[in-house]
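Participant: This is the structure alone, sequence omitted:
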């Protein structure tokens, strides 16, 4: 991103699209904070980990306690601090409605901590996840 922004016209970049989810959160270490510091939005593809998080029993249990589906909780986590645009795949109207509802979920600190225990944040720089 630094090299792109240094190129002629690079400052016209409107967003950076990368794979980002609870299960692929390597960018939390350096890239996402860097982008937030520059008000450069991130587009998160696969925010539900290609459906893997929707079927994760641990996420589902935590989500149920809040009246959410696992997919909604995973999506709400992706959107938790702003500056991230999630682009989940959805083939059914019901999923579209669930995704929209997830955008208004505010995660409390206990839920964030529980998710960090399930999916620990990176402690060092990591290669970008690719799907």
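Facilitator: Cool, the structure landed. Note that the structure is a prediction, hence the values are computed from the model and not measured. Numbering: from 1, shown residues only.

Participant: Centre-most residue in this structure?
Facilitator: The residue lying closest to the centre of the chain (CA atoms, centre = their mean) is residue 78, at 2.7 Å.

Participant: This protein: helices as residue ranges?
Facilitator: 2-6, 31-37, 57-64, 70-78, 93-102, 109-118 (DSSP state H).

Participant: Include distance to residue 20 and mean pLDDT when you put these into JSON lines, please.
Facilitator: C-beta coordinates here come from the backbone N, C-alpha and C atoms, glycine included. Conversion of the helices of the chain to JSON lines gives the following (distance: least, CB to CB, whole Å; pLDDT from 0 to 100):
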{"stretch": "helix 2-6", "distance to residue 20": "18", "mean pLDDT": "92"}
{"stretch": "helix 31-37", "distance to residue 20": "8", "mean pLDDT": "95"}
{"stretch": "helix 57-64", "distance to residue 20": "16", "mean pLDDT": "98"}
{"stretch": "helix 70-78", "distance to residue 20": "6", "mean pLDDT": "98"}
{"stretch": "helix 93-102", "distance to residue 20": "15", "mean pLDDT": "94"}
{"stretch": "helix 109-118", "distance to residue 20": "14", "mean pLDDT": "98"}
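
Participant: so of these, which one's packed in deepest?
Facilitator: Most buried of those, by mean neighbour count (mean count of other CB atoms under 10 Å): helix 70-78, with a mean of 25.

Participant: Check what contacts that one and list those residues.
Facilitator: Under the contact criterion CB atoms under 8 Å, 6 or more residues apart in numbering, helix 70-78 has outside partners 20-22, 44, 47-49, 51, 53-56, 59-60, 62-63, 66, 68, 84, 86, 88, 95, 98-99, 101-103, 105-107, 111-112, 115.
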